[in-house]
Structure formats: structure tokens, C-alpha cells
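**Q** predicted structure and sequence below. I'll ask about it afterward.
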Amino acid sequence: MINTAQDLKEYKKRLKRALNNQFLRAAMGAFAAAYKEAQGRLLAGVDVAGLSREIAAGKDAALPRLPELYEAFKAKAEAAGVKVHLAATAQEANEIIAAIARDNGVKKIVKSKSMTAEETFLNDHLEKAGFEVVETDLGEWIIQLRHEGPSHMVMPAIHLSRQEVADLFTQVTGEKQEPDIGKLVKVARRELRKHFLSAQMGISGANFAIAETGTLGIISNEGNARLTTTLPQVHVALVGVDKLVPDLATALRVLKLLPLRATGQVITSYVSWITGANECRPAAGGKKEMHVVFLDNGRLALAQDQVFSQALRCVRCGACANVCPIYGLVGGHNLGHVYIGAIGLILTYFYHGRKNARAIVQNCLNCQACKAVCPAGIDLPHLIKETYCQVLQGEEKRPLKNRLLRQVLKDRRIFHFLLRRASLVQKPLATGEGFWRHLPFFFGKEHEFRRLPVIARVPFRDLWPRLYQKVEKPRYRVALFGGCLVDFVYPEQGVALMQLLKDQKVQVEYPLGQTCCGLPAQMMGEKEVAREVALQNLAALDPADYDFLLTLCASCGSHIKEAYPKLVAGEPGASAKMQQLAAKLIDFSSFFAKVLKVKPEMFKVAQKRVAYHSPCHLCRGLGVTQEPRELLATAGLDYVAAKDEDTCCGMGGSFSLEFPELSAQVLAKKLDAVEETGADLLVTDCPGCVLQLRGGMAKRGSKVKVKHLAEALAEAKK
Amino acid sequence: MDVPNLPQLFREKAEAVQVVVRDAADLAEACRYAMEIARRQGGTAIAAPGWDPEVLSLLQDQCGQARIEVLTANLRGQADRLHTGFTRADWGIADTGTIVLDSSSEDLRLATMLSEIHIAVLPQSRLWATSFDLEEELNRLAQSPPRYLSFITGASRTADIERVLTLGVHGPLELHLLLLKDCRP
């Protein structure tokens, strides 16, 4: 049965095991590549953003009205001969369904796929109550026979090979089965057909419960849902109460995007719209005995939650797993309890508790790929961090790293003092290229996948008095937000920026009261710390004083733009000021390409082949994709496109320290793709990515140099 | 979207999901097609629920000569025998290559699910561009329950083992659509 790691130590053991599973790695890798290719092909010409917005708006309008929609559905369905139940808990839902089976003299039950039934562990309950339960979705049947949970919401047996399925079917049928997929599917058809024809009850889920007409909408590719709802005399649908929608139009809109995102299909093979108790010849009166059991299990309260209600927009397409770099490495059993993928990290906490969520919820790069693909526009990375926050609040003791962070980060003076001290201590251990010669003793071997930079001898803030230039009649007044990496690790990136700004008539200020943006705190679930440093930065950077808040760090930038307003939402005064601050934020590339509109005349003719890495927090966080590539062209650099430029480099801030083995694998894919281009130089516009990529290239002894775009442009400048 | 392009779009989208699409001049030709498919594949029974007596007699004429039995009711008890399901489609949706069947009758559902091959006849006049064009009609039907409406797009399929697409896991292994030439209203 499902057994999710309850602590980080056990979890890391399992992750290691998954990374060593060659079949899983190959299967997941091939799946991720095929999915990405199909999405690009199928979605050309589809207004995905528009549809997502409509789906989100439809769901958001329905969620606060769930009780009312339930009553409307119930009235319509009952008038058409259906019995409608509302179960407050998973246990209650299971008991209602077992009672229906008992009342109807049922012995055998066939089931079509229902994630809600997985959530309540309905099969276990019914089997204990003496019923025979047969899953009929091929993947679900396979995992039922193996006593496992699903490893994907749409493809539950994606972690298994044809050989494993052949061995399983050999056991089940008592005949030798070959590992031939066509033949294995035939075996399932033959075996399951017998069960369909002999079962007295069918249990299904539903994708939609349409209040206006009391209709259930069920999508399926195999057609098992149609047989499950047609052949047995009794049909019970177990439906999350969040599946209620006001009308058919809302459901049809979801149907436009759900199959595309789920499996890359324009539509599934079957969509059934069932209203009322339909004809069923063997049943009493020739009518089906039909029940709809709505499951609450916290959903009605969640629907009212200001932060988490959007989790209920989920249409269970599984796309957030499909694009997750971590899912692509370790599969679903390590990324969810019952619900899998990014949404799984959130729902596990709400439906299956803190103990099951506490380790897995930390396994998020915050790369935003899930958010970008979600057909309902759920801000998944944000909710994952909020979930981690909730988990920590329930724990007796916070992890040591969290306690340290709380002590240090809130006080800029202590934080910066420690960074300066570190710079002194490490001095004898630094190489000429600015790496640690050997990693300090407290780093384990698993951290050796990249070389780590040393803290700069002189931080940017100490260079500032020499760099500062007073500009007469400036075109723009700009406050520079350094962020920890530019300030204390890579001040040369800031220096490069100042070289580029010479003669641009831009008045730059570097307010010294600024501190860490707070993203590391957010990543570690320390929302309170994140809020506090956000307010400190607001105090240091009054948005009234300048036209732009410019940053070289995509991660700081996207955190300021997206998270800052949320951190102080509704707080008198701070809320409005923070909005102003966020509105003035601009990234390096946009500032140079769109605001300053720099011209080719500014640059020499360079002869470098340059690859580009698109930082997650720039391309998805800030939605900036064209500007950096335009700048490369403007500067006369020979840009060669690499594969998967917008896939995460594996840094993810503190993620790479917590899960170095995963970070290393994500990085390796990235570096391979860059080396394949034959480029001499890899450019990116986030110092966090520079840290990861430069350290990785150096570790491999690669000839490819890694630079921030600002440095590359400064070198190309006349 | 231009109305005249609908059959073309419908055909493209249906063929993209392995549907065999053919034109049929009239119902007699459609019946002959169904019989031929069953005969060629060694089928002994065609399930043909929901047809008018005239169409049924056309089909029976064809099938009688080929010694294929035509079944119209009580299909549940004859599940093992059904080779071809021959039904009408109520509507078509061009942008997804979908047919829509009001399959509130149990036999109609079973003919389209338990058969090895499903052949559906769609009059061209009943083709619409998108599912939204059918919204009103579908709602009207749902307002008079019980009602079991089915969107069918291609044959029954799975990719549950190693993501390899395999047709015919539970329902039909093949779906054939016969586009019936008739006048648009």
C-alpha cells in the first residue's frame, strides 16, 4: 500500500533509489521530451492563455457557490431518479458506498478511474467489507494487482515496463504472457470484459457535475467508464464536491484544454454526459439504481480559503507532473501521496496530512514550469511554499537551518557581518578563478557536482562609492537592487552594469539599506521572515524616489514583483507602497532592450558563438523571453539556440543544497544541451543560474565559459 | 469558419485519431459498407439498434446474402457475438472529429461499446464546427432525463503501458465514419 516518506532522511534514501532505477529514468525522460514536443505542435494556434483564464474565472466563480450548486444539482438529479449524498469525510463516503452495495445485494464491483476514490482508499474499505473490487482502467488495474498507488494522475502505471506487466499478467492468468504491449492489452480486454458482464455495481468518478441539469460528465480514453456506468445494475459516482460547475458551457471550456494538457489529445475518445437514472434492462423497473456521492473532505472550507482556494481549480490533468524536472527524474511515487505532481504536494497536506506532506513538499525547485502549463492557471509554486509554511507551523521544532535563517536574515547588519567574516576565513582556500579549492568539511560528497564560488573580497556595496556617478539631467532615475549574489559573490556583474550605463544618462542609486530579497526564506517556508525583509527593502527603496527598480537577478526580480505584494496584502499602507515597488521593478534585459533601446553601434563586432540559458524566474517569473536574445543580436554575438533553453538549471536557491543529487541531474542535462551547441560562451541573466552553470562547467573541465549577460555585453562594448 | 469546409475539417481531425472516414451516397451504400466490413473480418452478427424499419430491411437484405445476423435488441445477452456495431450519429463536431450520440437506449450504448468494430453514419447536415454550437441542443436533451449522451472520437484507446498507443482496450478496435451526403438545412 501507499507509504510516503515521513521525514527528509528516509525521503532522500528513496530519491537515491529512484535515481538509480534506470528504467524509470529512461521512461520519465522520454515521456518529458515527447510531451514537450506534442504540446508545441498541438497548441500552435490555440489561445491557451485565454482558455486558461476562462477556466480559472469559471472555477473561481463556482467555488464560493458550491453549497448552492450542490443543492441545485441534487434537486435536478433527484427529480430524474438519482439519489444524491454529501459525505463530510472520506470514511463517510466509503461507508455510504458500502451501504449501497449491501442494500443492493452486490458481490462484485467494477470501477472506472476515480482519483477521488484513490483519495478515500475506497477499494480497501470495500474489500474489507467483503466485496470484490476490480479496477477496469488498464493502468489502475495493473497497480491494483500490484497493490501500489498511482504514479501519475492520468497514466497511473507509467513507472512500469512491459516486462513487469507481462510478469504480472502471467501470474494473474496462470498462462505465460509475452512482453508484447498489443497482446497484453488484449489480455486485459478479455479478462476485464468478464468482470464487466458479471459485476452488479459500477463505481466511477466524474470530471464535471453540472448543476443546471444534474448531469455528470465523465471523460475516458479506454471506454471503461461507459461500460462501468452501463452494464451493472447499480452505478455509484464518487465526485469531489469541487467538480460542481454551474453549466455545460463551463464544462465544455475545460474540455477544450484538459485533454491537450493531459495527454496531448485534442479530445479524449469518450466523453459521457449522464443525466438521471438511465435504462438498464436487468435492473428493477428497467432503470439503473444510480447514486452520486459528493465528497467534501475539507473542500467546502478550502473553497473559502483566501490563499488555497485556487487549488480546487485543479482539473486533474497531471500536466504539472509532466513538465516538472523533478518528476522527470524520480517519478510520481516520490512526488505525492495519492495526488501526484505539483498539485499533489499541496493536496497531500490537505487530504492526507502533515506527516505525508512534510518531506515531499520541500522537493520543489520553484522553477514555475507547472504554473506555466496549468490549464486552470493555479499558482502552484506559490501554494507549495504556502503549504510548506503550514507544515512547519504544525511541527514541534523547526529544522536547524530554518532556525539559523530566522536569526540571521532578519537583521541585515548581522547577515552582512557574517558574509564579510566568511570572506576572510575562506581566503586561503580560494582559487584564482574564485572557486573554493575544496568544499568545506560540512559539505558532503554529493555536493561536489559543481564548484562553489567564494564570497567576494570586496562586496559591491563597498565598491559603490567609487562607482557612483552623478548624472546631470538624467533620462531616468534608477535604484539598483543588487541581491546577495551580486553584492557579495559576483560584484563584477554590478561593475559591468555600471560600465554599460556610462553615457546612457541614467542616474543610478544603490541604497545601502537594502538587504536579501527574502526568496531564500520563502523557499524554506519562513514566510514571516520573508515578509520582514520585504518591508526592510521597501523602507530602503522608496518607490517615489525613482523611475525603475533595476535588478540583475531574475530570482530577486520575480520575487519582488510577484511575492512582495502577496506578503503584505491587505496591510494598511504597506500594501499600496509594495504594489508601487513591484510595479517599478525591471530586469536587466528589458531595461536595456525596451527602455534604453541600445543600438548595435554601441558594440564591437564580436566573433563568439554564444548559447543562452533562460532563467526560470525571468522567462516564466517575469515573462521576459525575447529581450535577452535581442540584446545578444544587438551586441553582435552569434547566438546559437540550445535544446530546452527554458528548462531549469537545477539551482532553485536552497534547493540545490537540500537535494544536491537531484540538482546535479537537472544541471547535467542543461550542460549537455549547451555543450552540444559548440558555443564558447554560455550567457544567462541571473546570478543564481551563473553560480550553478559556471560551477558545473568548471567541475566538468568544460571549455565553455559562463557569464551574466551584463558581463558579456560590457566586454562587447566599444 | 466557412460552412463548406466542415466536412473537410471533420475528416482531417477524425483521421488524425485513426478513424476511417468514407463518403456514402445513401443509406443503402452505408448498409453495404457495414456488411462488407463484417464479412471481410469474419463477423457473424451486426448490432444495429435504433434504425428505422426501412433502413433495417436494407441492412437485412445485404446481411442475409452474407449470412450475417442483424441484432437490434437485447444485446446484453449476446455480448460475445457482436462483431460490428452499426449506428447513426446524431451530430458531428468538426474541430475535434467527434460524433455525438444520444445513447440513452441501453442497446445503442452496448452496440457502440461491446462490438469489435463501430460504424457510424453521420449526415453531413448534422455537422457543427465546435462543441459550443451544440450546447443548446445538448442542454435541451439533458432537460428531459434520463439521458446518456456520448461524445465519441476515435476507437477505444490506451497508452497505459509504456505510453504506447494501443487501440481497442475495452471498446471497439476500429471506428468507421460514413459521411452521408444530404442537404444542409
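**A** Yep, it's here. Residues are numbered from 1 along each chain as shown, chains lettered A, B, ... in the order given.

**Q** run a quick neighbour tally on the nearest residue to A:Ala5 once chain neighbours are set aside.
**A** Once its chain neighbours are removed from consideration, A:Ala5 has its nearest residue in A:Tyr11; the separation is 3.6 Å (CB to CB, 6 or more residues apart in numbering or on different chains). C-beta: built from backbone N, CA, C; applies to glycine. Neighbour count of A:Tyr11, defined by other CB atoms under 10 Å in any protein chain shown: 19.

**Q** which ones are touching A:Tyr11?
**A** Applying CB atoms under 8 Å, 6 or more residues apart in numbering or on different chains to A:Tyr11 gives the contacts A:Ala5, A:Asn334, A:Ala359, A:Ile360, A:Asn363.

**Q** now render the residues you listed as JSON lines, adding pLDDT.
**A** Rendered in JSON lines, the data for these read as follows (pLDDT from 0 to 100):
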{"residue": "A:Ala5", "pLDDT": "96"}
{"residue": "A:Asn334", "pLDDT": "93"}
{"residue": "A:Ala359", "pLDDT": "97"}
{"residue": "A:Ile360", "pLDDT": "98"}
{"residue": "A:Asn363", "pLDDT": "97"}
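
**Q** so which of the residues you listed is the closest to chain B?
**A** Comparing the contacts of A:Tyr11 against chain B with CB to the nearest CB places A:Asn334 closest, at 19.3 Å.

**Q** which stretches of chain B form helices?
**A** Shown for chain B, the helices assigned by DSSP state H span residues B:6-16, B:27-40, B:53-66, B:106-114, B:135-142.

**Q** okay, and the residue nearest to A:Ala5 sits in which element?
**A** A:Tyr11 is part of helix A:8-19 when elements are defined by DSSP states H and E.

**Q** buried stuff in that helix?
**A** Of the residues in helix A:8-19, those with enough neighbours to count as buried (16 or more other CB atoms under 10 Å in any protein chain shown) are A:Leu8, A:Tyr11, A:Lys12, A:Arg14, A:Leu15, A:Ala18, A:Leu19.

**Q** go on, stretch A:610-628?
**A** By neighbour count, and taking 16+ other CB under 10 Å as the criterion, the buried residues in stretch A:610-628 are A:610-622, A:624, A:627-628.

**Q** average pLDDT across it?
**A** Confidence over stretch A:610-628 (mean pLDDT, whole number) is 98.

**Q** sorry, back to before: mean confidence score for the helix holding A:Tyr11?
**A** Confidence over helix A:8-19 (mean pLDDT, whole number) is 96.

**Q** helix or strand right after it?
**A** helix A:22-42.

**Q** say whether chain B is contacted by that following helix.
**A** Yes: legend: contact between helix A:22-42 and chain B by CB under 8 Å from any CB of the partner chain is shown at A:Ala27, A:Ala30, A:Phe31, A:Ala34.

**Q** average model confidence for that helix?
**A** 89.

**Q** relative to helix A:22-42, how tilted is the helix or strand just after it?
**A** Scanning forward in sequence from helix A:22-42, with DSSP H and E defining helices and strands, the next element found is helix A:48-62. Direction vectors for helix A:48-62 and helix A:22-42, defined by axes from the mean of the first three to the mean of the last three CA atoms, to 10 degrees, enclose an angle of 100 degrees.

**Q** would you indicate which residues of helix A:48-62 are buried?
**A** Neighbour-count burial for helix A:48-62, with 16+ other CB under 10 Å as criterion, is recorded at A:Val48, A:Leu51, A:Ser52, A:Glu54, A:Ile55, A:Ala56, A:Gly58, A:Lys59, A:Asp60, A:Ala62.

**Q** I'd like these as a markdown table, with distance to A:Val172 and pLDDT appended.
**A** Below are the buried residues of helix A:48-62 laid out as a markdown table (distance: CB to CB, whole Å; pLDDT from 0 to 100):
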| residue | distance to A:Val172 | pLDDT |
| --- | --- | --- |
| A:Val48 | 41 | 94 |
| A:Leu51 | 42 | 95 |
| A:Ser52 | 42 | 97 |
| A:Glu54 | 45 | 97 |
| A:Ile55 | 40 | 97 |
| A:Ala56 | 43 | 97 |
| A:Gly58 | 43 | 96 |
| A:Lys59 | 40 | 96 |
| A:Asp60 | 45 | 96 |
| A:Ala62 | 42 | 97 |
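
**Q** same list, those, but as CSV with distance to A:Leu512 please.
**A** Listed next are those as CSV, based on distance: CB to CB, whole Å:
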residue, distance to A:Leu512
A:Val48, 44
A:Leu51, 47
A:Ser52, 42
A:Glu54, 47
A:Ile55, 46
A:Ala56, 41
A:Gly58, 48
A:Lys59, 46
A:Asp60, 43
A:Ala62, 50
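
**Q** which one among the contacts of A:Tyr11 gets closest to B:Phe86?
**A** Distances from those to B:Phe86 were compared by CB to CB; the smallest belongs to A:Asn334, at 48.8 Å.

**Q** contact partners for that closest one?
**A** The neighbourhood of A:Asn334, defined by CB under 8 Å, 6+ apart, consists of A:Ala5, A:Tyr11, A:Arg14, A:Leu15, A:Ala18, A:Ile360, A:Asn363.

**Q** wouldn't the third one be in contact with A:Gln6 here?
**A** To tie it back to what came earlier, the one meant is A:Arg14. No: counting by CB atoms under 8 Å, A:Gln6 is not a contact partner of A:Arg14; they are 11.1 Å apart.

**Q** number of residues surrounding B:Asn139?
**A** As a burial measure, B:Asn139 scores 16 neighbours (other CB under 10 Å).

**Q** could you pull out the helices for the stretch 551-700 of chain A?
**A** With DSSP state H, counting those that start in this stretch as the criterion, the stretch 551-700 of chain A has helices at A:554-558, A:564-567, A:574-584, A:588-590, A:616, A:626-634, A:655-658, A:660-676, A:687-700.

**Q** mind checking which of these is nearest chain B?
**A** Short answer: helix A:660-676, nearest of the helices of the stretch 551-700 of chain A by CB to the nearest CB, at 19.9 Å.

**Q** give the other helices and strands that the closest one contacts.
**A** Other elements packing on helix A:660-676 under the criterion 3 or more CB pairs under 8 Å, 6 or more residues apart in numbering or on different chains; DSSP states H and E are helix A:8-19, helix A:327-330, strand A:609-613, helix A:655-658, helix A:687-700.

**Q** which other helices and strands contact the second one?
**A** With contacts defined as 3+ CB pairs under 8 Å, 6+ apart, the secondary structure elements packing on helix A:327-330 are helix A:8-19, helix A:22-42, helix A:660-676.

**Q** pick the most deeply packed of the ones you listed.
**A** Stretch with highest mean neighbour count among these: helix A:660-676 (a mean of 20; mean count of other CB atoms under 10 Å in any protein chain shown).

**Q** for A:His416, what are its contacts?
**A** By CB under 8 Å, 6+ apart, the contact set of A:His416 is A:Pro459, A:Arg461, A:Phe488, A:Thr515.

**Q** for A:Ser575, which non-adjacent residue is spatially closest?
**A** Counting by CB to CB, 6+ apart, the nearest residue to A:Ser575 once its immediate chain neighbours are dropped is A:Val568, at 5.4 Å.
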